[in-house]
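Q: sharing a sequence plus its predicted fold:
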Amino acid sequence: MSPLIETRDLRRSLNDTVPVTLIDDVSLAIAEQEFIAITGPSGSGKSSLLYLLGLLDRPTGGSLSIGGRDTRPMDEVERAATRLSMMGFVFQFHFLLPEFTARENVEIPMRRLARLGRAEMRVRAAELLQSLGLGDHLDKRPEQLSGGQRQRVAVARALANDPPLILADEPTGSLDSKSSEQVFSILETLVRERGKTVVAVTHDLALAARMDRRVHLVDGRISSDDHVAPQGPAGAGRLPLPVPSER
Ligand SMILES: Nc1ncnc2c1ncn2[C@@H]1O[C@H](COP(=O)(O)OP(=O)(O)OP(=O)(O)O)[C@@H](O)[C@H]1O
């Protein structure tokens, strides 16, 4: 089976007055159900790499395949369609739309993909939020939620179209330790019990140590890539997500 993500000699350069190489010949294969940290010093290119993998930016060299499809010939419409169906994004700041409720925010990617009818979208959004411990907050707007709750809404939104891949940029970076642990354990459960692949940029080496693989960048290049065997219980099947306590 082809990897979920495969890059060969991926490169992103900027041709400003002084040329800068953000990502330098990165070759990486990521299989389904991997739980991967992208680590490295500030400015090493972690976010740049994640944006390339998420088709939010275009490489200036090398190749990138998603789900076995070469992304090079894709136009913007195909790239957007691939993002919607294959990926969910979680950023350090939740980027929820303030005028919409939690449930409406989760419905947005479903509306864009337009695979489900309106009633099905509403039910699915509610179920996702319930599974993340937010069943009592469906109709609240982001300003009425705590930071940890907002980030869990952002995770529910990332899962809206049931994508195989979740790309996260410092997903716990602006949370207190309790909320950070909740969000991390949700991401872990998505891999272990829901078969998702999670690629997360993190500065937090303690969290990275709990993931299965650490791709370490220095100056836009992979300086180390260390794997450990997945820790999920073999044959555990699909278990419910751990429901964080309501706050
Ligand atoms: N649009 C841009 N123009 C010029 N330089 C850029 C641009 N985007 C990123 N850079 C530079 O590229 C390098 C890599 O940035 P990137 O944000 O990917 O690093 P990072 O490892 O995620 O950093 P941090 O941990 O601080 O978020 C940095 O030196 C950054 O200043």
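A: Great, that's in hand. Not measured: the values here are computed from a predicted model.
Q: burial count for Glu99?
A: Using other Cβ atoms under 10 Å, Glu99 is surrounded by 10 other residues. Every residue, glycine included, has its C-beta placed from N, CA and C.
Q: name the nearest residue to it, sequence neighbours excluded.
A: Closest residue in space to Glu99, ignoring its immediate chain neighbours: Arg141 at 7.2 Å, by Cβ to Cβ, 6 or more residues apart in numbering.
Q: after the helix ranked longest in the chain, next one along is what?
A: Longest helix in the chain by number of residues (criterion: DSSP state H): helix 177-194. Later in the chain than helix 177-194, the nearest helix or strand by DSSP states H and E is strand 197-201.
Q: quick check: mean pLDDT across that following strand?
A: For strand 197-201, mean pLDDT is 97.
Q: can you state the direction angle for it and helix 177-194?
A: Strand 197-201 and helix 177-194 are oriented at 150 degrees to each other (axes from the mean of the first three to the mean of the last three Cα atoms, to 10 degrees).
Q: what packs against strand 197-201?
A: strand 35-39, helix 46-53, strand 165-169, helix 177-194 (3 or more Cβ pairs under 8 Å, 6 or more residues apart in numbering; DSSP states H and E).
Q: in the helix or strand that comes right after that strand, what counts as buried?
A: Following strand 197-201 in sequence order, the next helix or strand is helix 205-209 (DSSP H and E). By neighbour count on 16 or more other Cβ atoms under 10 Å, the buried set for helix 205-209 is Leu207, Ala208.
Q: same deal with stretch 71-79?
A: For stretch 71-79, a neighbour-count test (16+ other Cβ under 10 Å) marks Thr71, Met74, Arg79 as buried.
Q: do stretch 124-138 as well
A: Arg124, Ala125, Ala126, Leu128, Leu129, Gln130, Ser131, Leu132, Gly133, Leu134, His137, Leu138.
Q: what helix or strand is the closest residue in space to Ser63 that isn't next to it in sequence on?
A: Spatial nearest neighbour of Ser63, excluding adjacent residues (Cβ to Cβ, 6+ apart): Arg8 at 4.8 Å. Here Arg8 sits within strand 5-14, counting by DSSP H and E.
Q: and the helix or strand just after that strand, does that touch the ligand?
A: Following strand 5-14 in sequence order, the next helix or strand is strand 20-30 (DSSP H and E). Yes: judged by Cβ under 6 Å from any ligand atom, strand 20-30 comes into contact with the ligand at Val20, Leu22.
Q: packing partners for strand 20-30?
A: Using 3+ Cβ pairs under 8 Å, 6+ apart: strand 20-30 touches strand 5-14, helix 46-53, strand 61-66, strand 221-227.
Q: redo that, cut-off 10 Å
A: Where contact means 3 or more Cβ pairs under 10 Å, 6 or more residues apart in numbering; DSSP states H and E, strand 20-30 is packed against strand 5-14, strand 35-39, helix 46-53, strand 61-66, strand 197-201, strand 213-218, strand 221-227.
Q: got the angle between the longest one and strand 20-30?
A: Our comparison of strand 5-14 with strand 20-30, counting by the same axes, to 10 degrees, yields an angle of 180 degrees.
Q: buried residues in strand 5-14?
A: Buried-residue list, strand 5-14, by 16+ other Cβ under 10 Å: Ile5, Glu6, Thr7, Leu10, Arg11, Arg12.
Q: what's the closest of these to Leu53?
A: Nearest to Leu53 out of the buried residues of strand 5-14 is Ile5 (Cβ to Cβ; 5.9 Å).
Q: nice, that's everything, thank you.
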